[in-house]
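K.L.:
Could you look at this predicted model? Sequence included:
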Amino acid sequence: MEIPCFEPRIDADDAVQRTDRLTVTSYLLSTLRSLLGRADESEPTITALYYPDYLAYTTVTLQRVGLSEKEDKFIAAVDAATGRVGEVDVTLPDVETREIPESQVVPIEYDEDDAEAEWDEWLFSYIDRTYRPVKQPETSLDRLELVYTPYYAVDYGPDADEGPYAVSALTKQVELIADIPPLNDEYSAVDTRPLSTTPFPRRR
């Protein structure tokens, strides 16, 4: 299937380096590989997965007493798998279209109407907390854009202390894949493959 996704900011080697120091076993194996200058049988497998979010481009116009109006623009993200909403606090890379096997893509559970409703409900408390407005501000959803974030699923096998891990190719954060249920479900259903420095297919 063809999807719009962020260009990965790290490669597979970077993802492995971010995970191999998290547990004693993986750290020791990584150190051993480094000292011997070769890979061993414990080389992790890595799988590319794609997580959907709606980007909600938002405008807030504040009515200020005795002053001119103040306009603020920001981007919120609505999780298309769980409906959770939050402000985007990272600089976003370019979006590109790629052909991805459907088995590597987390399914969308919230359509655009659902996403807009979740955004609208979240926005009220966000504005109150962030701006402390005296008067109710005007708000608008300027655009809603579906984009997929690439993740590396790094798996050290059944003998690892923990894992597999999910490494975001956008934020570079590492989490246990079990802590991200939609990603974990998709990972459980997809075949893993040997470590590759280019698990993400090239742009079409």
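P.N.:
Looks like it came in fine.
K.L.:
Can you get me a residue count around Leu141?
P.N.:
For Leu141, the neighbour count with other C-beta atoms under 10 Å is 15. For every residue, glycine as well, the C-beta is placed using N, CA and C.
K.L.:
what's the next secondary structure element after the helix or strand hosting it?
P.N.:
Following DSSP states H and E, one finds Leu141 within strand 138-155. Downstream of strand 138-155, the next assigned helix or strand under DSSP H and E is strand 165-168.
K.L.:
what does stretch 122-136 rub up against?
P.N.:
58, 60, 62-65, 72, 76, 85-87, 137, 139 (C-beta atoms under 8 Å, 6 or more residues apart in numbering).
K.L.:
now with 6 Å?
P.N.:
Applying C-beta atoms under 6 Å, 6 or more residues apart in numbering, the external contacts of stretch 122-136 come out as 62-63, 65, 85, 139.
K.L.:
Then stretch 79-94?
P.N.:
The contact list for stretch 79-94, computed with C-beta under 6 Å, 6+ apart, reads 6-7, 52-54, 75-78, 106, 108-110, 118-119, 122, 171, 182.
K.L.:
Give me the buried entries from these.
P.N.:
Buried by 16 or more other C-beta atoms under 10 Å: 6, 52-54, 75-78, 106, 108, 110, 118-119, 122, 182, out of those.
K.L.:
Show me these that map onto helices.
P.N.:
Among the buried ones among the contacts of stretch 79-94, the members falling in helices (DSSP state H) are 118-119, 122, 182.
K.L.:
quick one on the thing from earlier: of the contacts of stretch 122-136, which one scores lowest on pLDDT?
P.N.:
Lowest pLDDT within the contacts of stretch 122-136 is found at Val65 (66).
K.L.:
give me the element the residue nearest to Ala153 when sequence neighbours are not counted is part of.
P.N.:
Excluding the flanking residues, the one nearest Ala153 by C-beta to C-beta, 6 or more residues apart in numbering is Thr47, at 4.4 Å. Using DSSP H and E, Thr47 sits within strand 45-62.
K.L.:
ok, now Lys135?
P.N.:
Using DSSP H and E, Lys135 maps to neither a helix nor a strand.
K.L.:
shaky segments in this protein?
P.N.:
Within the chain, the stretches with pLDDT under 70 are 21-42, 64-67, 133-134, 191-204.
K.L.:
mind checking how far the residue nearest the centre of the chain is from Glu121?
P.N.:
Residue closest to the mean C-alpha point of the chain, counted by C-alpha atoms, centre = their mean, is Thr149 at 4.5 Å. Thr149 sits 23 Å away from Glu121, going by C-beta to C-beta, to the nearest Å.
K.L.:
residues in contact with Ala169?
P.N.:
8-10, 150.
K.L.:
of those, buried ones?
P.N.:
Using 16+ other C-beta under 10 Å, the buried ones in these are 8, 10, 150.
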